[in-house]
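>>> Give me a 3D structure for the following:
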Amino acid sequence: MQVNKSRLQRCQVDGDYFEHLFAQKVQAMGLNFQKSSKEEDWYKHIDCYVNGYGVDVKGNRHLKTIWLEYTNVNGNLGWLRGDAKYIAMHINELDCFSIFYRMDLLLYIEKNVFETTDTKQDYLKFYSRVKWGKKDQLIKVKYSNIEHLEITKL
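Numbering: from 1, shown residues only. Below is the predicted model of the structure:
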């Protein structure tokens, strides 16, 4: 299952939009915002720094569908196991960013997810696309599963 070029471009445009929106909200609060380098983004899963703390910004999340990346498509550490201190998820239905400590999300997954599936309809299981030659492990959760871990909303 190959991602086509137009989908890849749309994901890049969406990612840029949500990072820009996050930057606007942070700066409006008087906080210091700094964009990360491409290397920090790719290898550390840090999109930006807010007051010196690494943040990974996620867009297009929904109350009933939030994908958490444990292992990326190449088999490397996913953003749940990256170096960001915070994860900022834009939840479309709430029209705001929900802010989490990355480590809280990781610990929640490690304490609550034990099964593997190849069906993307399943919740709270490691979803694998190994049958398509992918090495990623994703976990589908609902906002209600992780809402208790939320620090704040922006």
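
>>> Give the residue spans of the chain that score low on pLDDT.
1-15 (pLDDT under 70).

>>> I'd like the next helix or strand past the host helix or strand of Tyr127.
If you go by DSSP states H and E, Tyr127 is part of strand 126-128. Next in sequence after strand 126-128, counting helices and strands by DSSP H and E, comes strand 137-141.

>>> In space, not sequence, find me the middle residue of this protein.
Geometric centre of the chain, nearest residue: Lys58, 4.7 Å, by CA atoms, centre = their mean.

>>> about what we covered before: so which elements touch the strand holding Tyr127?
With contacts defined as 3 or more CB pairs under 8 Å, 6 or more residues apart in numbering; DSSP states H and E, strand 126-128 has these neighbours: strand 116-117, strand 137-141. (Glycine included, C-beta is placed from N, CA and C.)

>>> For the longest one, give me every contacting residue.
Read that as strand 137-141. Strand 137-141 has contacts (CB atoms under 8 Å, 6 or more residues apart in numbering) with 65-71, 78, 109, 113, 116, 120, 122-128.
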